[in-house]
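A.B. asks: Mind folding the following:
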Amino acid sequence: MMNLSAYQSGQLYTHYKVTKVVDGDGLIVSDIFSGNEIEIRLLGIDAPEIKKCKKLIQDERELHLPGELLIELGRVSLLHLRSVLPVGTPVSFFTENKNTTDIYGRTLAYVFLPSGESVNELLLQEGLVKPFNRYFCTQQINYQLLHSKARMEKKGHFAIVENF
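C.D. replies: A predicted model of the protein is given here:
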């Protein structure tokens, strides 16, 4: 389980609740006091796409899997994330100082349930996302290990495909 270190450079945000789950690796949260919304992309992981886009075409090429199958896997990831983070769920999130936003302006973050569990790690353990290294992530090695373990145990998407 991910532990935040006092020496880790970043920012911890508390007192937020889930407003919407956008896809298998993205959500919108709002500050419980001000109501201000923030769109979050889960840092260090990537779920299959849920609609046709440039990234889907790239994934088809790299993974040698049809887009329709990838979209279906993306929907499974989305539905699972919605079950883990129903609207109204209180969450905290942590951003690393090296990369705080992606090219679309979304906040890159590790999201935590009230129990302290990392949502990013849960999705990896369940075989529903893969590690994503486009943006710096101190958890990358741990994420690769969790991904490999899920693949060996044929969890989640690995019950259907060998790699994604």
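A.B. asks: which helices and strands does the least confident helix or strand in the chain by mean pLDDT pack with?
C.D. replies: Counting by mean pLDDT, DSSP states H and E, the chain has its least confident helix or strand at helix 54-63, which shows a mean of 89. Helices and strands touching helix 54-63, by 3 or more Cβ pairs under 8 Å, 6 or more residues apart in numbering; DSSP states H and E, are helix 67-84. In this view, the C-beta of every residue, glycine as well, is placed from N, C-alpha and C.
A.B. asks: moving C-terminal of the helix it packs on, what's the next helix or strand?
C.D. replies: For helix 67-84, the following helix or strand on the C-terminal side (DSSP states H and E) is strand 90-96.
A.B. asks: show me where the chain has helices.
C.D. replies: Remark: helices assigned in the chain by DSSP state H are 54-63, 67-84, 119-125, 140-152.
A.B. asks: can you redo those helices as JSON lines with distance to Phe94?
C.D. replies: Putting the helices of the chain into JSON lines (distance: least, Cβ to Cβ, whole Å) gives the following:
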{"stretch": "helix 54-63", "distance to Phe94": "25"}
{"stretch": "helix 67-84", "distance to Phe94": "17"}
{"stretch": "helix 119-125", "distance to Phe94": "10"}
{"stretch": "helix 140-152", "distance to Phe94": "14"}
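A.B. asks: looking at these, which is buried most?
C.D. replies: The highest mean neighbour count among the helices of the chain, using mean count of other Cβ atoms under 10 Å, belongs to helix 119-125: a mean of 23.
A.B. asks: starting at the chain centroid, how far to that one?
C.D. replies: Chain-centre distance of helix 119-125: 7 Å, with Cα atoms, centre = their mean, to the nearest Å.
A.B. asks: Output the least confident helix or strand of the chain in CSV with nothing but the alpha carbons.
C.D. replies: The C-alpha coordinates for helix 54-63 follow below in CSV (Å, rounded to 0.1, in the frame of the first residue of the first chain):
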residue,chain,number,x,y,z
LYS,A,54,-6.3,9.4,-31.3
LYS,A,55,-5.2,7.5,-28.2
LEU,A,56,-7.4,4.5,-29.1
ILE,A,57,-5.8,4.3,-32.5
GLN,A,58,-2.4,4.4,-31.0
ASP,A,59,-3.3,1.7,-28.5
GLU,A,60,-4.7,-0.5,-31.3
ARG,A,61,-1.4,-0.2,-33.2
GLU,A,62,0.8,-0.8,-30.1
LEU,A,63,-1.3,-3.6,-28.5
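A.B. asks: now the angle between helix 67-84 and that helix, please.
C.D. replies: 110 degrees (axes from the mean of the first three to the mean of the last three Cα atoms, to 10 degrees).
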